[in-house]
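Engineer: Have a look; sequence and predicted model below, questions after that.
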Amino acid sequence: LCDTLRYREISSVQLSIMTPGGEMPVEVDHDSRIAITFGSNDRAEAWYETLEVSSRSPMGDQAPDATELLHKPFMLEFGANGDVNTVSAPVIPESFASVSNLRSQFMDFFLVLPDEPLQLGAEWESTIRKQDSTNAGGTVTFEKAGTYKVVGDTLIGETQALLIEAFVQNTIESMQVVPAQGLTARLILKGPEQNMFYFSIDEGALMIRRRSAQLRGTYEITGGPQPMSMDQEMQ
């Protein structure tokens with residue numbers, strides 16, 4: 001197994017919120033370089049080497065400065081099947097609270113492996129459910145129920161990699177309570193996700209992951225003088 005893995009992660013999210021005043025589009029872009037080094041007892045340390053996060057909406061553009069987050073450690077614990085739990089995360093600046101939930105960076109990052117050895121034609125199912133806090137002090141719960149299949153192999157440079165196709169059904173629920181105002185904000189999103197993983201048996205490591213998803217749901221605010229419900233779509 002490599003002592004240190006380095007990944008570049010690029011993601012783009014388009015969000016459409018149906019407000020009482022009409023549709024509000026939001027776009028969020030994430031571009032980072034991540035390093036992960038492995039220790040003992042299935043523990044690993046990860047950090048951002050570079051990070052750029054930005055959002056655009058009718059409410060204005062945001063591009064928080066990530067300088068103070070660079071090289072600050074996430075402590076991770078790997079399960080036998082490659083599933084990862086975040087033991088601890090660096091303090092995320094408040095400027096990121098309305099842009100990206102960086103605390104959840106590794107909640108769904110790696111491939112979940114089967115109990116049997118990987119080989120062409122292998123198929124398996126996996127359901128993961130995790131909860132964590134958000135940058136703003138709320139909670140977020142992920143549930144991912146997926147079917148996986150090794151559909152081929154390829155060469156990346158001189159490294160042989162297996163191609164694993166995955167179809168996943170997502171459920172994401174976040175909740176934020178504002179006691180001073182007596183408000184509770186709750187967002188539920190559900191929808192399918194398609195994945196292709198490139199996994200090196202020799203290196204024992206994920207090399208590439210490509211995915212796309214389309215989620216739909218409702219954002220509700222309750223407890224205040226004007227409760228409201230807004231439909232959302234996210235790609």
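Structural biologist: Noted; the coordinates are in hand. Numbering: from 1, shown residues only.
Engineer: Please count neighbours and contacts with C-alpha atoms only from this point.
Structural biologist: Will do.
Engineer: Each with direction, which strands does the longest strand along the chain pair with?
Structural biologist: Secondary structure of the chain per DSSP state E: the longest strand is strand 159-178. Strand 159-178 has its sheet partners listed here by DSSP bridges as strand 139-156 (antiparallel), strand 183-200 (antiparallel).
Engineer: buried stuff in the helix or strand bottoming out on mean pLDDT in the chain?
Structural biologist: Each helix and strand of the chain was given a mean pLDDT (mean pLDDT, DSSP states H and E); the minimum falls on strand 123-133 at a mean of 89. Buried residues in strand 123-133, counted by 16 or more other Cα atoms under 10 Å: 123, 132-133.
Engineer: just those now: which is nearest residue 212?
Structural biologist: residue 123 (20.6 Å; Cα to Cα).
Engineer: contacting residues around the closest residue to that closest one other than its chain neighbours?
Structural biologist: In space, and not counting its chain neighbours, residue 123 is closest to residue 149: 4.4 Å by Cα to Cα, 6 or more residues apart in numbering. Residues in contact with residue 149, defined by Cα atoms under 8 Å, 6 or more residues apart in numbering, are 121-124, 164-166.
Engineer: which among these end up buried?
Structural biologist: 123, 164-166.
Engineer: for this protein, which spans come out with low pLDDT?
Structural biologist: 1-2, 135-137 (pLDDT under 70).
Engineer: Residue 55 - how many residues pack around it?
Structural biologist: 20 (other Cα atoms under 10 Å).
Engineer: ok, and for the helix or strand containing residue 35, which residues are buried?
Structural biologist: Taking DSSP states H and E as the criterion, the element that holds residue 35 is strand 22-38. Neighbour-count burial for strand 22-38, counted by 16+ other Cα under 10 Å, picks out 25-30, 32-36, 38.
Engineer: Now do stretch 84-101: distance from first to last residue.
Structural biologist: 17 Å (Cα to Cα, to the nearest Å).
Engineer: Sounds good, over and out.
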